[in-house]
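A.B. asks: what would the 3D arrangement of this be:
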Amino acid sequence: MRRVLALLAAAALAATLSGCKVMQRISEESYRNAVTDGVVAELDKRGIPLKARPSCRTPKTGDTVRVSCTARTKAGQPVVVSGTARDADSAHPVEDYTVTVAGRRVLDQGCLGLGCT
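C.D. replies: Model prediction:
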């Protein structure tokens, strides 16, 4: 009986741990989508339309989440986005974003998109 309980406990633990990885992937994807939406909105406000949504990556290091994105304007100029969210696991993360178009900085602020002032 103990062996069965141990196997059930191990199976439950494995399911829980794999669920954490799924939730982490969902959270990272949500963050990338939010950054992408914010970049599109911010550049639209500045009269800089994009050919397509930016492509973003989010390598996580500790409690700081980094995001880097690339895109092209409709005129073909390269767009580079870099951002960080420090204390990402807390209730009050601190975000910083920089967006350049053809090497020229067009945005350097702590938020993106709707509600950003």
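
A.B. asks: helix or strand right after the host helix or strand of V39?
C.D. replies: Assigned by DSSP states H and E, V39 belongs to helix 2-45. As assigned by DSSP H and E, the chain's next helix or strand after helix 2-45 is strand 55-57.

A.B. asks: what about that following strand, average pLDDT?
C.D. replies: Mean pLDDT, computed over strand 55-57, is 93.

A.B. asks: what does stretch 88-107 give?
C.D. replies: Here the average pLDDT along stretch 88-107 is 91.

A.B. asks: start to end distance for that stretch?
C.D. replies: 21 Å (Cα to Cα, to the nearest Å).

A.B. asks: to the chain's geometric centre, what's the distance from that stretch?
C.D. replies: Centroid separation between stretch 88-107 and its chain, computed with Cα atoms, centre = their mean, to the nearest Å, is 11 Å.

A.B. asks: my reading is that A85 lies in a helix. Confirm?
C.D. replies: No: membership of A85 in a helix is not supported by DSSP: H, G, I helix; E, B strand; the rest coil, which gives strand.

A.B. asks: buried stuff in stretch 96-114?
C.D. replies: Y97, V99, T100, V101, L107, L112, G113 (16 or more other Cβ atoms under 10 Å). Bear in mind the C-beta positions are built from the backbone N, C-alpha and C, glycine included.
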